[in-house]
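>>> one predicted model, sequence on top.
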Amino acid sequence: MTELLSHGESTVKRRSLPVAAALAAAAALLLTACGSEADSSKGADGIAGADQGDKKDSASPTASASGSAKRPAIKLPSDVKNSFETWKTGDEAKDAILADVKERINATDAAITAADPNSEALKFYYRDEALAGAAEWVQGYVDDGKSITGSVRFYNPDLVTVDKDTAALAYCADESKAFDKDRKTSKAEKNAVTKNSYVAYNTRVEKNAQGIWQTTSLLSDRGNAKCTQ
């Protein structure tokens with residue numbers, strides 16, 4: 001079951017993005033689990049790529065190079081760190097998808113810390129209703145006078161290539177060391193580590209004309225048992 005995270009929710013950290021749009025359309029493509037057994041759990045970001053990815057990689061850019069597309073510069077402040085474990089499969093096409101999802105995650109955090117819901121990087125790595133949802137999420141931080149600090153561990157990505165232009169990815173995030181902070185005082189709002197410190201994600205990505213794998217839908221589920229194991 002998917003959880004819609006609301007701005008200002010007091011029981012969990014707000015780092016995780018809420019469910020974007022197009023849930024019904026995405027349901028058939030998105031993985032329902034986060035873990036080596038294809039199940040979604042809280043806290044671990046991804047599942048070891050266990051899909052039969054398309055070997056065609058001509059349209060799958062890497063994070064550092066993307067054909068004709070000029071990637072936006074993404075810079076996180078020194079107190080915000082994201083680590084990505086097992087996000088390389090050795091398959092160039094799959095790794096290009098994972099690299100773009102990684103940059104999407106970094107772009108979201110950069111937009112939050114910069115208080116910029118109109119970030120060009122968001123527009124680069126999201127599209128359609130997912131872009132609207134991401135911009136709204138960042139705006140929520142701006143309206144609340146909040147930013148983020150700390151580190152998040154993403155691991156165990158489980159990638160399924162649907163076709164040469166569409167893929168589904170499940171992963172987990174460990175947010176036990178990540179916190180909201182007051183933008184004026186820079187004081188971190190630390191909470192006790194609970195099952196809700198872990199988030200399972202399911203996302204759908206589609207490749208655009210420039211070869212960028214853009215996120216078109218994103219689901220999150222805090223406390224999912226598989227990610228807490």
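Perfect, I can see it now.
>>> pLDDT weak spots in the protein?
Filtered on pLDDT under 70, the chain yields the residue ranges 1-68, 229.
>>> after the top helix by length along it, next one along is what?
Counting residues, the longest helix found in the chain (DSSP state H) is helix 92-113. Following helix 92-113 in sequence order, the next helix or strand is helix 120-125 (DSSP states H and E).
>>> quick one: contacts of that next one?
For helix 120-125, contacts defined as Cβ atoms under 8 Å, 6 or more residues apart in numbering pick out 71-72, 74, 100, 103-104, 107-108, 110-111, 131, 134-135, 138, 212, 214-215. From N, CA and C alone the C-beta is placed, and that goes for glycine too.
>>> drop anything exposed from the residues you listed.
When those are checked for burial by 16 or more other Cβ atoms under 10 Å, the buried set is 71, 74, 100, 103-104, 107-108, 110-111, 131, 134-135, 138, 212, 214-215.
>>> nearest to A93, of those?
A93 lies nearest to D100 out of the buried ones among the contacts of helix 120-125, by Cβ to Cβ, at 11.6 Å.
>>> ok, the closest one to V142 distance?
25 Å (Cβ to Cβ, to the nearest Å).
>>> for C172, same thing?
Distance from C172 to V142, by Cβ to Cβ: 27 Å.
>>> the strands in the chain, which residues?
Using DSSP state E, the strands of the chain run over residues 80-85, 146-163, 166-182, 188-189, 198-207, 213-222.
>>> just name the most buried of those strands.
Burial of these is given as mean neighbour count (mean count of other Cβ atoms under 10 Å); strand 198-207 ranks first at a mean of 27.
>>> in terms of secondary structure, what does it contact?
Under the contact definition 3 or more Cβ pairs under 8 Å, 6 or more residues apart in numbering; DSSP states H and E, strand 198-207 sits against helix 92-113, strand 166-182, strand 213-222, helix 225-228.
>>> can you put those in TSV and add distance to N82?
Shown next, in TSV, are the helices and strands packed on strand 198-207 (distance: least, Cβ to Cβ, whole Å):
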stretch	distance to N82
helix 92-113	6
strand 166-182	9
strand 213-222	16
helix 225-228	16
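>>> closest to V205 out of those?
Across the helices and strands packed on strand 198-207, V205 has its closest neighbour in strand 213-222 (4.4 Å, Cβ to Cβ).
>>> export the closest one to PDB, keeping only CA atoms.
Provided in PDB are the C-alpha atoms of strand 213-222 (Å, rounded to 0.1, in the frame of the first residue of the first chain):
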ATOM      1  CA  TRP A 213      15.500   8.600 -18.600                       C
ATOM      2  CA  GLN A 214      12.900  10.900 -17.000                       C
ATOM      3  CA  THR A 215      10.800  10.000 -14.000                       C
ATOM      4  CA  THR A 216       7.100  10.000 -15.000                       C
ATOM      5  CA  SER A 217       5.600   8.500 -11.800                       C
ATOM      6  CA  LEU A 218       6.900   7.800  -8.300                       C
ATOM      7  CA  LEU A 219       5.400   5.900  -5.400                       C
ATOM      8  CA  SER A 220       6.700   5.800  -1.800                       C
ATOM      9  CA  ASP A 221       5.800   3.600   1.100                       C
ATOM     10  CA  ARG A 222       7.200   4.300   4.600                       C
END
